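In: Structure for this input, please:
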Amino acid sequence: MININNRSDVPIFEQIVLEIGRLIAYEILKPHEQLPSVRNLAKDLGINPNTVMRAYNACEQENLIYSRPGLGFFVQEENEGLDNLLKSSYQDLFKLIENIIQLGEPIEKVQTKIEEAFQ
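Out: Numbering: from 1, shown residues only. This is a model prediction of the structure:
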């Protein structure tokens with residue numbers, strides 16, 4: 001369900017946060033659905049449980065999930081957390097586009113490259 005790329009420059013805990021956001025956006029994870037336990041997810045991904053806990057805490061701060069002591073972590077009913085995650089991702093995208101334009105790339109070429117990415 002949750003996939004990570006060990007070769008990515010994106011830290012693993014951030015990849016988990018983004019994956020949870022993606023699964024919520026695609027309604028694969030439903031409101032109030034329980035997430036895998038920290039230990040089980042760490043074992044499945046072959047990573048340290050502290051990394052999963054850090055990701056779950058970040059998801060909780062982003063309002064994507066909530067915790068119930070002794071029971072685990074669950075998907076929030078509201079999509080506010082997903083909206084915040086998307087807003088942050090768009091801000092990152094806009095910064096990248098701005099950097100490319102500042103390097104002298106014409107806006108038209110940037111637009112063409114973005115369109116090509118979706119074909």
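
In: Point out the other helices and strands that the least confident helix or strand in the chain by mean pLDDT packs with.
Out: Lowest on mean pLDDT, DSSP states H and E among the helices and strands of the chain sits helix 80-102, with a mean of 83. Contacts defined by 3 or more Cβ pairs under 8 Å, 6 or more residues apart in numbering; DSSP states H and E place helix 80-102 against helix 12-25, helix 107-117. C-betas here are computed from N, CA, C, even on glycine.

In: Residues touching the first one, excluding its own?
Out: Helix 12-25 is contacted from outside by 1-6, 8, 10, 29, 35, 41, 45, 47, 51-52, 54-56, 58-59, 62, 64-65, 75, 79, 81-82, 85-86, 89, using Cβ atoms under 8 Å, 6 or more residues apart in numbering.

In: could you give the angle of that helix to helix 80-102?
Out: Per axes from the mean of the first three to the mean of the last three Cα atoms, to 10 degrees, the angle that helix 12-25 makes with helix 80-102 is 120 degrees.

In: ditto for the shortest one
Out: Comparing the axes of helix 107-117 and helix 80-102 via the same axes, to 10 degrees yields an angle of 130 degrees.

In: Quick check: buried residues in helix 107-117?
Out: Within helix 107-117, no residue is scored as buried using 16 or more other Cβ atoms under 10 Å.

In: And the residue most central in space within the chain, how far from Asn5?
Out: The chain has Leu18 as the residue nearest its centroid, 0.9 Å off, counting by Cα atoms, centre = their mean. From Leu18 across to Asn5, the span is 11 Å (Cβ to Cβ, to the nearest Å).

In: Phe74 falls within a strand, correct?
Out: Yes: remark: Phe74 belongs to a strand, assigned using DSSP: H, G, I helix; E, B strand; the rest coil.

In: On the pLDDT front, check it for me.
Out: pLDDT recorded at Phe74 is 97.

In: tally of neighbours for it?
Out: Number of residues near Phe74 (other Cβ atoms under 10 Å) recorded here: 17.

In: Give the bridge partners for it, please.
Out: Legend: beta-bridge partners of Phe74 under DSSP bridges are Gln34, Tyr66.
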